[in-house]
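Q: Sequence and predicted structure, then a few things I'm wondering about:
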Amino acid sequence: MKQYYFVFVLLMFCAFFFSPKKTYAQDEYAAVTDVAPVIAGGEESLYKHINYPDLAKKNRIEGKVYIIVLINEKGDVDEANVIKGIGFGCDEAAVAALKKSKFSPGKNGGTAVKSKLTMAINFKVK
């Protein structure tokens, strides 16, 4: 029994200390702003950046990829993290498209602030 406990503790230690660290602290980004960030050019410009993965097309994978987007005061995407994905390369395609996109920054009291935004990107085979 002690051997299993030791292995468990060792695994937990490794998982904690060797897991990848986030570059940005989400606490620095406002979840609610007076003026929400908006994609420059609208959603159409976002969908122009998306390359539907061949594997997803071949398997007729459709659905929504939910992502938290961290946007800085300049409107650039600092980070995009998938909350719920559909796989087959769609999650990565959605994140890549968001990182190429420019936003109008969120504002509080007329001042641009770091903000976070939750987005759903729809994948539909045509």
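A: Yep, it's here. Predicted model, so just to flag it, every value in this text is computed and none were measured.

Q: Quick one: list the elements packing against the helix or strand where residue 68 lies.
A: Assignment of secondary structure by DSSP states H and E places residue 68 within strand 63-71. If contacts are counted by 3 or more Cβ pairs under 8 Å, 6 or more residues apart in numbering; DSSP states H and E, strand 63-71 sits against strand 77-84, helix 90-100, strand 115-123. In this view, the C-beta of every residue, glycine as well, is placed from N, C-alpha and C.

Q: What strands flank that strand, and is each parallel or antiparallel?
A: Within its sheet, strand 63-71 is paired with strand 77-84 (antiparallel), strand 115-123 (antiparallel), according to DSSP bridges.

Q: related to what we said a few turns ago, can I get the helices and strands packed on strand 63-71 in CSV with mean neighbour count, mean pLDDT and distance to residue 57?
A: What follows is those, written out as CSV (neighbours: other Cβ atoms under 10 Å; pLDDT from 0 to 100; distance: least, Cβ to Cβ, whole Å):
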stretch, mean neighbour count, mean pLDDT, distance to residue 57
strand 77-84, 16, 96, 19
helix 90-100, 19, 96, 10
strand 115-123, 18, 96, 10
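
Q: In CSV: those, plus distance to residue 109.
A: Shown next, in CSV, are the helices and strands packed on strand 63-71 (distance: least, Cβ to Cβ, whole Å):
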stretch, distance to residue 109
strand 77-84, 22
helix 90-100, 27
strand 115-123, 13
